[in-house]
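[1] 3D model of this:
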Amino acid sequence: MKMYDVIVERRNGVYHASVPTLPNISVEASSRDEAVANAKKAIEDFFKSAEVTTVAIDVPADEFRPYSRPSDLLRRAALHSRPADEFDEQYQAELDAEKQRQREEAEREADWAESEFPHTERWLFEANLPPQNPNDELYRQYLAELDTEKHRQREEAEREAELTAAQD
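    This next block holds a predicted model:
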């Protein structure tokens, strides 16, 4: 059994449920329970027609780098076409800055892995939401309540699965 987080929001009297890890799944309903049930059905229907697979590709580590602008990629291509003695110091500084940015990002991700609420903080980052002050008491309370609710929902889903298995 695989578990999925479902975000339920109430807007204008209508409950909207979405699944962050499956961005194409979004449902509406007149009650919270109906929205959750509809989301569960939508997830099940999605996997009836979808296939999950993994592919491996060989990319040299020094060649794979996210470029923020097309000119970065063109500059890198031009760099390889020039003789080594014409290496551009400014470009080297940009490369060093990018390496530093990647190091800092990796450190932030490592910190999330050790944090009290890693999944929620990761979701905030991936959803491009503004960073929250982790020392803000209201924010910490929200995360604790969210974590408790997720735990409750998981236990409920596990109980339902056990009952279904026992009935079969």
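
[2] Which parts of this structure are strands?
    Using DSSP state E, the strands found in the chain span residues 7-11, 14-18, 26-29.

[3] Tell me which other helices or strands the first one touches.
    Contacts of strand 7-11 with other secondary structure elements, assessed using 3 or more C-beta pairs under 8 Å, 6 or more residues apart in numbering; DSSP states H and E, are made with strand 14-18, helix 32-49. Where C-beta positions appear, they are placed from N, C-alpha and C, glycine not excepted.

[4] which of those is buried the deepest?
    A comparison of these by mean neighbour count, using mean count of other C-beta atoms under 10 Å, puts strand 14-18 on top with a mean of 18.

[5] That one to strand 7-11, inter-axis angle?
    Between strand 14-18 and strand 7-11, the angle comes out at 160 degrees (axes from the mean of the first three to the mean of the last three C-alpha atoms, to 10 degrees).

[6] Of all the residues in the longest helix along the chain, which ones are buried?
    Longest helix in the chain by number of residues (criterion: DSSP state H): helix 137-167. By neighbour count on 16 or more other C-beta atoms under 10 Å, the buried set for helix 137-167 is 143, 146, 150.

[7] will you turn the residues you listed into a markdown table that also has pLDDT and distance to residue 156?
    Formatted as a markdown table, the buried residues of helix 137-167 follow (pLDDT from 0 to 100; distance: C-beta to C-beta, whole Å):
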| residue | pLDDT | distance to residue 156 |
| --- | --- | --- |
| 143 | 78 | 20 |
| 146 | 83 | 16 |
| 150 | 88 | 11 |
